[in-house]
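> just need the structure, nothing else, for what follows:
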Amino acid sequence: MSSPAVRMGLSVSIATGLYGISFGALAVAAGLNRWQTQALSALMFTGGSQFAFVGTLAGGGMSALVAASLLGIRNAVYGAQLNATLTPRGPLRVLMAHLTIDESFATTMAADGEPERRRGFWTAGAGVWLTWNLFTFLGAWAGDSMGDPKAWGLDGAAVAAFLGLLWPRLRSKNAAGLAVLCALVTVLVVPFTPPGIPLLVAGVIAVLMHLISRGQSSKSTGTDHQSSAISGSIE
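Got it, this is the predicted structure:
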């Protein structure tokens, strides 16, 4: 019987991989041939950045290019935390870096214990890569015969999968409050900023809140130590 992390990784792989049909069809419509589209999914493998890149080709201009770069930055942040959590060695680091995406990161962090986290990472990372490339292939070859990919509802599959992973992590009031705050800020800045910027703003807020929380915790701990020392000296 498979572990919870493996089941989670497999379910997220299917949901996210289906979104590849949309990318394949849109990339061909933007002017890429089928093999160029396939190469993007195999080598670039950063879904949001791939769509932003295709947006540039379709006339999105500099804003789409900026979005592609900003969306790629988050993978570096994920990589730093995964490197500390899973401590890969040698050539394995390169492969893990390539498979570091939203889904593999979230599946890893949602699992309990190092063995489960490793299973979650590899299942989600490799699973999404395989299904994403398979459905990119199908979307690229289907091309215009599919019509509008959004009519299939595939644009919401990856979002739904990621929210499914996020929900169990909101166990504390602080985590839930931070999630609400980041969501609210994202909604407020969307009308005024290029694609990708709202995600970056939410990430900055999350980091700042974490640092503030750590600072307050450190001060509280220091105060407790001082009180204990004074109490001990009095005794």
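> contacts only, for residue 198.
Counting by CB atoms under 8 Å, 6 or more residues apart in numbering, residue 198 touches 185, 186, 189, 190. For glycine as for every other residue, the C-beta is placed from the backbone atoms N, C-alpha and C.
> tell me the pLDDT of the closest residue to the second one other than its chain neighbours.
Of all residues beyond its chain neighbours, the one nearest residue 186 is residue 198 (4.4 Å), with distances taken as CB to CB, 6 or more residues apart in numbering. Confidence per residue is given as pLDDT, and for residue 198 that number is 72.
> distance of residue 198 relative to residue 95?
31 Å (CB to CB, to the nearest Å).
> what's the answer for residue 43, then?
From residue 43 across to residue 95, the span is 13 Å (CB to CB).
> more neighbours, these two?
Shown here are residue 43 and residue 95; by other CB atoms under 10 Å, residue 95 has more neighbours (14 against 8).
> give me the mean pLDDT for the one helix or strand that one maps to.
Here residue 95 sits within helix 92-98, counting by DSSP states H and E. The average pLDDT for helix 92-98 rounds to 91.
> okay, now the domains of this structure?
In the domain annotation for the chain, the residue ranges read 4-169, 172-235 (automatic domain parsing).
> mean pLDDT lowest for which of those domains?
When those are ranked by mean pLDDT, domain 172-235 comes last with a mean of 69.
> how far does stretch 21-40 stretch from start to finish?
Start to finish, the residues bounding stretch 21-40 are 13 Å apart (CA to CA, to the nearest Å).
> buried sites along it?
Under the neighbour-count criterion of 16 or more other CB atoms under 10 Å, stretch 21-40 has 21-30, 32, 34, 37-38, 40 buried.
> all strands of this protein, in order?
Remark: no strands are assigned in the chain by DSSP state E.
> sorry, back to before: list the contacts of the helix holding residue 95.
Helix 92-98 is contacted by residues 45, 79, 82, 83, 86, 88, 121, 125 when judged by CB under 8 Å, 6+ apart.
> mark which of these are buried, thanks.
Among these, those scoring as buried are 45, 82, 86, 88, 121, 125 (criterion: 16+ other CB under 10 Å).
> format these as CSV; extra columns: distance to residue 106.
Shown next, in CSV, are these (distance: CB to CB, whole Å):
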residue, distance to residue 106
45, 16
82, 11
86, 14
88, 18
121, 10
125, 11
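> inside helices: which ones of the residues you listed?
Counting by DSSP state H, those place 82, 86, 121, 125 in helices.
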